[in-house]
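# A structural model of the following input is requested.
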Amino acid sequence: MSEIITLGKALNHGLRRAMENDPKVVIMGEDVGKLGGVFRITDALQKDFGENRVIDTPLAEAGIVGTAVGLAIRGFRPVCEIQFDGFVFPAYNQIVAQVAKMHYRSKGKVRLPIVIRIPYGGGIGAVEHHSESPEAYFAHTPGLKVVTCSNPADAFSMIQQAIASDDPVVFFEPKRRYWEKGEVDLSAPLSGAFPLHAARVARPGSDATLLAYGPMVRVALDAATAAAEDGRELEVIDLRTLSPVDYPVIFESVRRTGRAVVVHEAPGNLGMGSELAARITEECFYSLEAPVLRVTGYDIPYPAARVEEEYLPDLDRVLDTVDRSFGW
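From the prediction side, this is the model:
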């Protein structure tokens, strides 16, 4: 039976389902237990599963991830919550030097089925270190899988799939979409879910391709709706997975439309858009009617909350860039 719930609640249901199905799943992080997390994503889980499975940790991200490495080696499936995106950097060494490399270092004998949940992106009026978009750091790192949901239905299934994976997964959650609602089938078996590492065509179109992920999928869909009023049909692809990227879906779309615009919140310099533009140009050069263009955050530290709406890509910036693409 389907319900209309928020993205945050869908994550909560997904975590609950994973814990019910596997007693080796443990959740750990700052305030995830009694408080239920600052965004209440783990609400009531400690009450129902106990303090041994939903663990309130000290304020020490390196310690959280380092402990998860040990637990994973001993057969557990730890789910680490990094309270805010900007807090992940104390754990960066553990993630890129240990979590990402253990399977390779052990010649395949040791797997680390760890999920590292990171609320990311801006738009909530937060203070410094609370509105970062660090996904490119992790997508750049071999040995890590990196995914991000954009809607409640995906949130529910993707968090379960990530936990079930034998590979370490960095799971980015678009924090300003936590309260957006959508239809979710809470009884659907995980076996029938859309594949974790697959892109999805969120809106079909024929004139240009918009590539987005996480919080920017909604912006891209709104841009496509606005463009349709001017007679342009934009195809919107929700990437969903940033490492590995589902390039066949992207290439098929761009070869058909002849134009591509990548949208993400993170700064443009060396961001996901750069890699996507390079790959599309390499593979689809003779199909392109215009260069691959990007709409991104600016190459500055994230600004103060009172001016963050001037920093974030919005409907007007996306539509202006689409117009540029058609102007070539």
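
# got the contact list for Glu81?
Glu81 makes contacts with Ile27, Met28, Gly29, Glu30, Val32, Gly37, Ile41, Thr42, Arg117, as judged by Cβ atoms under 8 Å, 6 or more residues apart in numbering. Any C-beta I mention is one placed from the backbone N, CA and C, and that applies to glycine too.

# Buried ones only from those, please, as a ChimeraX command.
The following ChimeraX line selects those of these that are buried, judged by 16 or more other Cβ atoms under 10 Å:
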select :27,28,29,30,32,37,41,42,117
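
# In strands, which of the contacts of Glu81 appear?
Ile27, Met28, Gly29, Arg117 (DSSP state E).

# related to what we said a few turns ago, between which two of the contacts of Glu81 is the distance greatest?
Met28 and Ile41 (13.3 Å; Cβ to Cβ).

# Could I get the full set of strands for the chain?
Using DSSP E, the strands of the chain run over residues 2-6, 25-29, 54-56, 77-81, 115-120, 145-148, 169-174, 181-185, 200-203, 208-212, 234-238, 241-243, 260-267, 293-297.

# what comes up buried for the first one?
What it means is strand 2-6. Buried positions in strand 2-6, judged by neighbour count with 16+ other Cβ under 10 Å: Ile5, Thr6.

# Partner strands of it, with direction?
Partner strands and pairing direction for strand 2-6 (DSSP bridges) are strand 181-185 (antiparallel).

# what's in contact with the strand it pairs with?
Against strand 181-185 from outside (Cβ under 8 Å, 6+ apart): 1-7, 10, 13, 151-153, 156.

# go with 6 Å
Ser2, Glu3, Ile4, Ile5, Thr6, Ala10, Asn151, Pro152, Ala153, Phe156 (Cβ atoms under 6 Å, 6 or more residues apart in numbering).

# quick one on the thing from earlier: most neighbours per residue, which of the strands of the chain?
strand 208-212 (a mean of 28; mean count of other Cβ atoms under 10 Å).

# helices or strands next to it in the packing?
Under the contact definition 3 or more Cβ pairs under 6 Å, 6 or more residues apart in numbering; DSSP states H and E, strand 208-212 sits against strand 234-238, helix 247-257, strand 260-267.

# can you list those in CSV and add distance to Gly63?
Shown next, in CSV, are those (distance: least, Cβ to Cβ, whole Å):
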stretch, distance to Gly63
strand 234-238, 34
helix 247-257, 37
strand 260-267, 27
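
# Leu71 is nearest to which of these?
Among the helices and strands packed on strand 208-212, the nearest to Leu71 by Cβ to Cβ is strand 260-267 (30.4 Å).

# Could you check how far that closest one is from the centre of its chain?
14 Å (Cα atoms, centre = their mean, to the nearest Å).

# How many residues are close by Thr281?
A count of nearby residues for Thr281, using other Cβ atoms under 10 Å, gives 14.

# Distance check, it against Glu289.
Distance of Thr281 to Glu289, computed by Cβ to Cβ, to the nearest Å: 13 Å.

# Can you tell me what sits against the longest helix along the chain?
Across the chain, the longest stretch assigned as helix under DSSP state H is helix 7-21. The contact list for helix 7-21 (Cβ under 6 Å, 6+ apart) reads 25, 39, 41, 43, 49, 152, 155-156, 159-160, 163, 177-178, 180, 184, 186.

# go on, stretch 27-36?
Applying Cβ under 6 Å, 6+ apart, the contact partners of stretch 27-36 are 42-43, 46, 54-57, 59, 64, 79-81, 83.

# ok, of the residues you listed, which one's closest to Met102?
Proximity of the contacts of stretch 27-36 to Met102 (Cβ to Cβ) peaks at Cys80, which lies at 15.1 Å.

# ok, back up a step: just the buried ones from the contacts of helix 7-21, in PyMOL syntax?
Only the buried entries of the contacts of helix 7-21 go into this PyMOL selection, using 16+ other Cβ under 10 Å:
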select buried, resi 25+39+41+43+49+152+155+156+159+160+163+177+178+184
